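**Student:** just a sequence and a predicted model for now, questions to come.
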Amino acid sequence: MSRGMPRASGYFRTDYAQDLALTQTRLERASLLAFAVMLAAFPFLATAFYLDLACQVFLAAIGALSLMLLTGYAGQISLGHAGLLAAGAFTAGILFREFNAPFWVTLPAAAAVGALLGIVFGLPSLRLRGLYLAVSTLALHFVVVYLGGEYESKRGYSTGIMIDAPTIGGYAITNGRVWYFVLLVAAAATLLICINLLRSRTGRAWRAIRAHETVAEALGINIAAYKLLAFVISSAMAAVAGALFAYYRHFVSVEAFSLFLSIQYVAMIIVGGMGSLLGALLGAVFVTLFPYLIEAALQQLPNAQSYAGVLFAVNYAAFGVVMILFLLFEPLGLVGIWHRVQHYFLLWPFKHRPVAGAGK
Amino acid sequence: MSEPALLTVEKLEVVYHRAITAVQGISLSVRKGQIVAILGTNGAGKSTTLRAISGFLGIDDARVTDGSVTFNGKRIENRQPNEITRLGIALVPERDKVFPNLTVIENLTAPFAPAHYNRRDNEVLAYQFFPRLAELRSRTAGLLSGGERQMLALASALVCRPELLLVDELSLGLAPVVVQDLMARLVQIRHELGTTIVVVEQSAAAALNVADYGYVLENGRVVLDGEGARLRAHGDIQEFYLGQTSSSDRRSYRSVKQYRRSRRWYG
Amino acid sequence: MQLAVNIVVLSAIYALIACGYVLIYRVSRVLNLAHGELMMLGAYLLLATAASFAGNPVAAIAAAVVLSLAVGILVYVFLMRKMTGEMVLAAVLTTVALGTLLRGLMVLIWSAQQQYPGQALGFANPAIALPGGGRISTFAAILVVTTALVYGGLFVFLRFGRWGVRMRAAGQNPLLAAQRGINLHAVYALAWGLSTLTGSMAGMLIALDSGLTSSMTVIGLKAFPAALVGGLDSLVGALVGALIIGAAEVLSIQYIDPLLSDVVPFLVLIAMLIVRPWGLFGTREELDRV
């Protein structure tokens, strides 16, 4: 995990325990602890509105992390992420409606459906690369959404499927604070899984495939297996995020899983910074909060009420502008900015930047 | 030989990725109407020099960091390739030298010729030196043989009506007979159009047979230069590029070079 | 008979849009996912010129066509030009971002309500009875003819026009093209201009025929499978692909389920990607290039 993370000179790892540890220095441990305390204290200080925002961020983070595994590390582009979320949400919704299944059945079921779809999404990747793969995932998105819509209209839930709150031992999770912690744990668990996956053989194989497929194959990496694995893991995670989303909203509808949602997830990993889990998290925060920032900004303008009807259009436009700006001027995303700031302080008062490309 | 220099390269330095120096202080001078050979082994800096002249460095994240390239009195280093072509320099690259899915005739249409030449003129010019192309005119370029492809590449470069023709590795992958023929065409082009020609070659023998002047590069520097005939007679050239000494007393390539070079510089 | 007419009209729509994807892809290897939005922008431009050239429909249409060409060139000059030399994928994502931006802007400027540029221009759209018993609306007929003319024009231009040959050359080997004095930026700008022009013509004709809503981008996106099924770098392919997609869509709406209309093109696309990823008429090496 230390890849690309700048440290002052004189820091070396001297045994395997250090290599396995998630945090390296005392400062890192301290700041991580402080951050954890902040996260734990947040729901007791925040209003319901901010609590909801935080929950949305956690859900987005799970989705963004899973997409980052696939695109940022294994190098397989997907424009159909919303389709996977939809698959998870519909699995939960349908199982609940048809069989009244409890959440400890529906969540694993969503993961299983996601994994299965991952294979379907991933199969084209064995033959296709880059654009063609992106296109096939785009196509699959439409298929999944169509199937969801079919179910809705055939079963008469034309406005969407209602889902009851999940219950544990007779206690229904309806409270916002409880949801906050449930989703926080889910997001943290996802992050931990990702971190450990990436520093294992699997993660190294993915990076090798991303860097150069033919060379990776020559090194004895089973390209097909690892590509499919990337799709399966990523899709399963996304589907679980979708199912959690369904429970959190008590509601599933195809309307929520438009192509725009896929674009938003792609935006998260672009804005955050490709090839960095931190980037996925930052991107999730940014993309989730962005519409609210826009709304708040519009509120400041005179006759704010008249803009209410066009808010979504302003969102679209502003979103497009932000993505373009990042693609043009900061391809490394927020993480790139963050690392530059870190470098600046580490090297201060010197200004030499490391030779481009040598740090990787 | 009283003609003024058409192309002057002075103390050229090229750096790749802001880190690797491929050419360090090369100076060359090409007079109007000359055929100049640039020789050297792999990694000597031949191709980089050629790219610096033809404007192709930007694509590989390389830059001319020092020195100058002057063509017809104009500084041209770090300019766009298409601008340089319109100033009168055309390059025949080492690989991918024709548009494979276009026909021969389309390959002769695509290049940017000065406005007063029409398509017919371009064809006439091409067939003047390479009559074989006339038979192949509607053949797809990707289906041509190596020699035919090289002819088409030379012809399509000529369509740009260059004053200076740069040819990278003319002999690459071609039979000696074909190479000989193509070299003879270069002489004919120089003779009939007055085009100045720079050839970059690993195979020194073919190039030195037609060149008026030659430069030998090594590790990004010019280590030897002189008139074609004198270079051909030079001991090092005979030994390492022409392979004319008997194999029994051939010495280790690097050590001898180091030795000779230091003698030339200090002795 | 009516079924055949419907297939031809829908295929013509897809074909007219798909050639825009092919033009840009063929020249610069970029997949323009903002094509649907650019096409809709063309339709809105017609709405705008209809208001300023009231009473002179021909001038309004001509102005809109010229404007759409300019839009395409501007998109290249101010946005896509910066992405040349970057990874292809970054360029594609830029077009996605552009599409999002355009969609927002268009709703802001023209609102999301259904509009009728045909009425604004004072055109009626009577149905024409065809010999075999089918009917076709006037503008649908014009659209089919336009598609035929556009394809004919493009074939001639790419085969015999100097700049047409240069566009093909730049698509095959941009380095060599630059070396032969071809200004790559000019070629790319031309490709974007032509692509937006043809797309906009499709947008305008659809809007004249059946009105203009913000859902028009979906049609643009559905034309994309047509381009890919035929082979992304082949104009003939786009034509055949459009016919296949159009037929599949009309037939499945007729005989299976109207809801399928949005998904059938993508089902055909998936099938094609599994069987023959480079498309019916595409070049096989394309797969390794991207």
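**Tutor:** Cool, the structure landed.

**Student:** surely residue B:202 meets residue B:38?
**Tutor:** No. Using CB atoms under 8 Å as the test, residue B:202 is too far from residue B:38 to be in contact (10.4 Å). The way it works is simple: take the backbone N, C-alpha and C, and place the C-beta from them, glycine included.

**Student:** okay, these two: which has more neighbours?
**Tutor:** residue B:38 (28 against 16; other CB atoms under 10 Å in any protein chain shown).

**Student:** chain A versus the more buried one, what's the distance?
**Tutor:** 29 Å (CB to the nearest CB, to the nearest Å).

**Student:** sheet partners, orientation included, of the one helix or strand that residue maps to?
**Tutor:** Using DSSP states H and E, residue B:38 sits in strand B:35-39. Strand pairing for strand B:35-39, determined by DSSP bridges: strand B:196-201 (parallel), strand B:213-218 (parallel).

**Student:** which of these comes out lowest on mean pLDDT?
**Tutor:** Among the strands paired with strand B:35-39, strand B:213-218 carries the lowest mean pLDDT, at a mean of 89.

**Student:** now do it: everything it contacts.
**Tutor:** B:26, B:28, B:30, B:34-41, B:44-46, B:49, B:207-208, B:222-228, B:231, B:236-237, B:241, B:257, B:261 (CB atoms under 8 Å, 6 or more residues apart in numbering or on different chains).

**Student:** ok, back up a step: quick one: average pLDDT of whichever helix or strand comes after the strand holding residue B:38?
**Tutor:** Next along the chain after strand B:35-39, taking DSSP H and E as the criterion, comes helix B:46-54. Here helix B:46-54 scores 87 as its mean pLDDT.

**Student:** and for stretch C:91-110?
**Tutor:** Mean predicted confidence for stretch C:91-110 is 90.

**Student:** next one: stretch C:160-169
**Tutor:** 92.

**Student:** next, the buried residues of it.
**Tutor:** Of all the residues in stretch C:160-169, those buried under the rule 16 or more other CB atoms under 10 Å in any protein chain shown are C:164, C:165, C:166, C:167, C:168, C:169.

**Student:** and if you look at stretch A:92-101?
**Tutor:** A:92, A:93, A:94, A:95, A:96, A:97, A:101.

**Student:** tabulate the residues you listed (a markdown table), appending secondary structure and distance to chain C.
**Tutor:** Below are the buried residues of stretch A:92-101 laid out as a markdown table (DSSP: H, G, I helix; E, B strand; the rest coil; distance: CB to the nearest CB, whole Å):
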| residue | secondary structure | distance to chain C |
| --- | --- | --- |
| A:92 | helix | 22 |
| A:93 | helix | 19 |
| A:94 | helix | 18 |
| A:95 | helix | 23 |
| A:96 | helix | 24 |
| A:97 | helix | 20 |
| A:101 | coil | 27 |
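
**Student:** residue C:268: which of those residues is nearest?
**Tutor:** Closest approach to residue C:268 among those (CB to CB): residue A:94, at 26.8 Å.

**Student:** so the closest one sits against residue A:154, correct?
**Tutor:** No. Assessed by CB under 8 Å, residue A:94 is found out of contact with residue A:154, at 11.4 Å.

**Student:** between those two, which contacts overlap?
**Tutor:** By CB under 8 Å, 6+ apart, no residue touches both residue A:94 and residue A:154.

**Student:** where does the chain dip in pLDDT?
**Tutor:** With no chain named, the answer covers chain A. The model of chain A has pLDDT under 70 over residues A:1-14, A:19-20, A:23-24, A:130, A:169, A:304, A:349-360.

**Student:** try again with chain B
**Tutor:** Short version for chain B, where the test is pLDDT under 70: B:1-3, B:58-60, B:235-267.

**Student:** burial measure for whichever residue of it sits closest to chain A, as a count.
**Tutor:** Closest contact between chain B and chain A, by CB to the nearest CB, is at residue B:19 (5.0 Å). Each residue near residue B:19 was counted by other CB under 10 Å, and the total is 11.

**Student:** residues from the stretch 1-150 of chain C in reach of chain B?
**Tutor:** residue C:85 (CB under 8 Å from any CB of the partner chain).

**Student:** switch to 6 Å and redo it
**Tutor:** By CB under 6 Å from any CB of the partner chain, no part of the stretch 1-150 of chain C sits against chain B.

**Student:** just the element for the residue in the stretch 1-150 of chain C positioned nearest to chain B, please.
**Tutor:** Proximity to chain B, evaluated over the stretch 1-150 of chain C using CB to the nearest CB, is greatest for residue C:85 at 7.4 Å. Assigned by DSSP H and E, residue C:85 falls within no helix or strand.

**Student:** okay, helices next: where are they in chain B?
**Tutor:** B:46-54, B:81-87, B:104-109, B:119-129, B:132-135, B:146-159, B:176-193, B:204-210, B:228-233, B:235-237, B:253-266 (DSSP state H).

**Student:** what sits against the residue sitting furthest away from the middle of chain C?
**Tutor:** Residue farthest from the centre of chain C, counting by CA atoms, centre = their mean, is residue C:179 at 31.1 Å. Contact partners of residue C:179, counting by CB atoms under 6 Å, 6 or more residues apart in numbering or on different chains, are B:81, B:91.

**Student:** same question, residue A:174
**Tutor:** Residue A:174 neighbours (CB under 6 Å, 6+ apart): residue A:165.

**Student:** residue A:152 belongs to a strand?
**Tutor:** No. Counting by DSSP: H, G, I helix; E, B strand; the rest coil, residue A:152 is not part of a strand but helix.

**Student:** what about the residue nearest to residue B:62 when sequence neighbours are not counted, how many residues nearby?
**Tutor:** Nearest non-adjacent residue to residue B:62, counting by CB to CB, 6 or more residues apart in numbering or on different chains: residue B:16, 4.4 Å away. For residue B:16, the count of nearby residues is 15 (other CB under 10 Å).

**Student:** please report how far residue B:16 lies from residue B:56.
**Tutor:** 12 Å (CB to CB, to the nearest Å).

**Student:** can you count the residues close to residue A:334?
**Tutor:** Count around residue A:334 with other CB under 10 Å applied: 21.

**Student:** again but with residue A:296, I slipped
**Tutor:** Applying other CB under 10 Å, we find 10 residues neighbouring residue A:296.

**Student:** ok, the most centrally placed residue in chain A to residue B:165 distance?
**Tutor:** Closest residue to the average C-alpha location of chain A: residue A:64 at 1.2 Å, with CA atoms, centre = their mean. For residue A:64, the distance to residue B:165 equals 55 Å [CB to CB].

**Student:** residue A:25 now?
**Tutor:** 61 Å.

**Student:** what's the answer for residue A:100, then?
**Tutor:** Counting by CB to CB, the gap from residue A:100 to residue B:165 is 81 Å.

**Student:** would residue C:21 count as being in a helix?
**Tutor:** Yes. Residue C:21 forms part of a helix when assessed by three-state DSSP.

**Student:** that older thread, look up how far residue B:55 lies from the residue nearest to residue B:62.
**Tutor:** Distance from residue B:16 to residue B:55, by CB to CB: 16 Å.

**Student:** surely residue A:109 is in contact with residue A:90?
**Tutor:** No. With contact defined as CB atoms under 6 Å, residue A:109 does not count as touching residue A:90 (10.9 Å).

**Student:** residue contacts, residue B:140?
**Tutor:** residue B:103.

**Student:** which one of the buried residues of stretch C:160-169 sits closest to residue A:247?
**Tutor:** Distances from residue A:247 to these, taken by CB to CB, are shortest for residue C:167, at 53.3 Å.

**Student:** wait, is the closest one part of a helix?
**Tutor:** Yes. Looking at residue C:167 with three-state DSSP, it is inside a helix.
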